[in-house]
Structures are given as C-alpha cells and as structure tokens.
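Participant: Prediction below, plus the sequence it came from.
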Amino acid sequence: MAGLDDVFGDLFASVDAVVLFSPSGSYYERFTDVDDFDIVVVGTENAVGAETFVELPLEFDDVSDRVRFGLEGALEQGVVEDGDELACATSVFSDGIDTVSRVRADAEAHTGIYDLFAKSRADPEVVKSVLEVAIELGKKGQKGKPVGALFVVGDAGKVMNKSRPLSYNPFEKSHVHVGDPIVNVMLKEFSRLDGAFIISDAGKIVSAYRYLEPSAEGIDIPKGLGARHMAGGAITRDTNAISIVLSESDGLVRAFKAGELILEVDPEAY
Ligand SMILES: Nc1ncnc2c1ncn2[C@@H]1O[C@H](COP(=O)(O)OP(=O)(O)OP(=O)(O)O)[C@@H](O)[C@H]1O
Ligand SMILES: [Mn+2]
C-alpha cells in the first residue's frame, strides 16, 4: 500500500510558497528554517511577527473567501506572483491549522475583494467597521425582526449630489464616526428608517435617510432583490463610493464596488 506522502504528497510538492492563515506562534516556528519556498502569513493581525504579512479585514468564515482575499492581497503586494503554486494552510474545523489546499495564484481570477478594503477611497478601518455593523445588524435584527440597511461609504460629496433627503438628517450638525460604540447603537436604531446612510472616507456619518438617485442602467443584482440593492450597486458606479447592503428579505450582507457585487456574506456564519 502506498504511504500517505504518495497519495497526498502532490498537494504540497514543489510549491513556490506556503500561505499560513492565522498560524499560532509554535506553528509558524516550524517554518523558520525553510528556504526552498516562501512563507506568507495572512490574518487579521500579524501575531507571529512574520516578515511577509497580508492583513485580512475580518476572519472570513467561508474558507474560499478567506483564501481568495489572502491571495488577492498577496498578489497585490507582490509577495506571490501570477502562476505561483501555493499551499494554503488554514483552519476549518478547529482553532488550529487543520487543512491544506493547493491553489495556483491567478491574477485573472481577481474578484476585487481585497481592493474593497485596501484600495477603496474610504479608510480600510471604516469599511471594516461598517461591514461589522451590517453583519451584527443582520444577526440580531431590530427587536428580533429582520431589518435591511444600506451604507454608502466614501466619496460622500458626490454621493450627496446624487441623492436627496427623505426626511430631516439626524446627523446634520453632529461629528460622529463609525467604529465608536455609541454610533453603532445609533446606526442600528436608525436602520429601521428608510433610505441610505452616507459615510465619508474618514468615517464621519454625513447623513441618514438619503434616497439615492444613481443611473441604474446596466447594473446586475441577484434575482429576488429590489430597489435597495439596485441603488446600492448603481451608486458605486456613478461615484467612487463602495456600498454595504443588508437585505431584509434574504438576510445576507453584500458589498458593491464600481457597480459590481464583490462580496456576499451570511451574518449567521459570524
Ligand atoms: N434609491 C434608494 N435609495 C435609498 N434607499 C432605498 C432606495 N430604494 C429603496 N430603498 C430602501 O430599501 C427598502 C427596501 O426596498 P426593496 O424591497 O425594493 O429593496 P430590496 O433590494 O429588495 O432589499 P431587501 O432585500 O432588503 O428587501 C425601501 O423601503 C427603502 O428604505
Ligand atoms: Mn425587497
């Protein structure tokens, strides 16, 4: 009978780099003396002080999202090259690394998921905070009932020009920023109300209750979704904003950039 290396060995044979997703210190140490391949660490923080590190905006629960994000970031930062063979080691079932996938770095497979955070006009921390609010809102709903919400992040001046108020703006004279705990409570409270939240590049909440009026021509949104997603997608083509949309009807959080649907996450998985 063949040994395990004979049957599984091709998973990691002659790889250009090993990509470790959130390794523990001791796991990372195993790789300190290797020199026939590169080591790339991907995670929400560089806890092991790796030389080559790609930051994740959140611990994607979906492993393929996690790997896609990490590889897009690694390609973008030039730490891996198009066509490189990679052994991606991550955790699926336990806290530690328990799974290895062999993946070829493919610049063509670019989904924009990395650009959404790292290359949007808005500060990556702002995008991350808004995504977290949307996920939390999706998980809890409003007093137990599902809610929808639309956040338009970045390029706020232009977004304001392509929208109109539905009601008085509760953020008119305030200087509140996303990420601040009190603001998260306010955003959740106001999400019962119609329209969109407009957030600046630096995270200032510019307005609530905005009705977006972008040109929606040629925008594709998943079947079953309506005006909120159409407007949320279209505004990102007309401006340099990104949008994060929580659907009241299917409970998913989606992100749009440049008119394209980039990311779809199920809040229940977080
Ligand atoms: N152009 C717009 N700008 C801002 N908000 C909008 C716009 N169009 C719709 N909305 C908001 O989206 C809400 C839901 O509308 P609709 O059901 O058509 O959207 P949807 O894409 O199906 O989203 P959901 O999955 O949450 O139902 C509306 O009540 C309104 O608050
Ligand atoms: Mn709807």
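Facilitator: Great, that's in hand. Ligands and ions are numbered 1, 2, ... in the order given.
Participant: and A234, how far is that from L212?
Facilitator: 8 Å (C-beta to C-beta, to the nearest Å). Heads up, the C-betas are built off the backbone N, CA and C, glycines and all.
Participant: what's the overlap in contacts for these two?
Facilitator: The overlap between the contact sets of A234 and L212 (C-beta atoms under 8 Å, 6 or more residues apart in numbering) is empty.
Participant: Extract the CA atoms of stretch 263-270 and return them as PDB.
Facilitator: Provided in PDB are the C-alpha atoms of stretch 263-270 (Å, rounded to 0.1, in the frame of the first residue of the first chain):
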ATOM      1  CA  LEU A 263     -18.700  40.100  -1.600                       C
ATOM      2  CA  GLU A 264     -21.700  38.200  -0.100                       C
ATOM      3  CA  VAL A 265     -21.600  37.100   3.500                       C
ATOM      4  CA  ASP A 266     -24.200  35.400   5.700                       C
ATOM      5  CA  PRO A 267     -24.200  37.100   9.100                       C
ATOM      6  CA  GLU A 268     -25.300  33.900  10.800                       C
ATOM      7  CA  ALA A 269     -21.900  32.400  10.000                       C
ATOM      8  CA  TYR A 270     -20.100  35.000  12.100                       C
END
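Participant: Point out where this protein drops to low pLDDT.
Facilitator: Within the chain, the segments meeting pLDDT under 70 span 1.
Participant: swap the cut-off to 50 and go again
Facilitator: For the chain, no stretch has pLDDT under 50.
Participant: how much space between Y28 and I97?
Facilitator: For Y28, the distance to I97 - C-beta to C-beta - is 10 Å.
Participant: Now for K140: which residues touch it?
Facilitator: K188.
Participant: Revised request: answer the last question for V41.
Facilitator: V19, L20, P23, Y28, V48, A50, T52, F53, V54.
Participant: Tell me how far the residue nearest to the last one when sequence neighbours are not counted lies from A105.
Facilitator: This means V54. Distances taken as C-beta to C-beta, 6 or more residues apart in numbering put G73 closest to V54, at 3.9 Å, once the chain neighbours are dropped. Taken as C-beta to C-beta, the spacing of G73 relative to A105 amounts to 11 Å.
Participant: Among those two, which residue is more densely surrounded?
Facilitator: The neighbour count for G73 versus A105, taken as other C-beta atoms under 10 Å, is higher for G73 (23 against 20).
Participant: Okay, and that one sits in which element?
Facilitator: helix 63-76 (DSSP states H and E).
Participant: for that helix, packing partners?
Facilitator: Where contact means 3 or more C-beta pairs under 8 Å, 6 or more residues apart in numbering; DSSP states H and E, helix 63-76 is packed against strand 17-21, strand 38-43, strand 53-55, strand 85-90, strand 99-104, helix 113-118.
Participant: rerun at 7 Å
Facilitator: On a contact count with 3 or more C-beta pairs under 7 Å, 6 or more residues apart in numbering; DSSP states H and E, helix 63-76 meets strand 17-21, strand 53-55, strand 85-90, strand 99-104, helix 113-118.
Participant: Give the residues shared as contacts by Y28 and I97.
Facilitator: Counting by C-beta atoms under 7 Å, 6 or more residues apart in numbering, the common neighbours of Y28 and I97 are L20.
Participant: Tell me how many other residues surround the nearest residue to K188 once chain neighbours are set aside.
Facilitator: Spatial nearest neighbour of K188, excluding adjacent residues (C-beta to C-beta, 6+ apart): L137 at 5.6 Å. Per other C-beta under 10 Å, the neighbour tally for L137 reads 22.
Participant: count of residues packed around the residue in the stretch 51-200 of the chain positioned nearest to ligand 1?
Facilitator: For the stretch 51-200 of the chain, the residue closest to ligand 1 is G148, as judged by C-beta to the nearest ligand atom, at 3.0 Å. By the criterion of other C-beta under 10 Å, G148 has 22 neighbours.
Participant: Okay then, goodbye and thanks.
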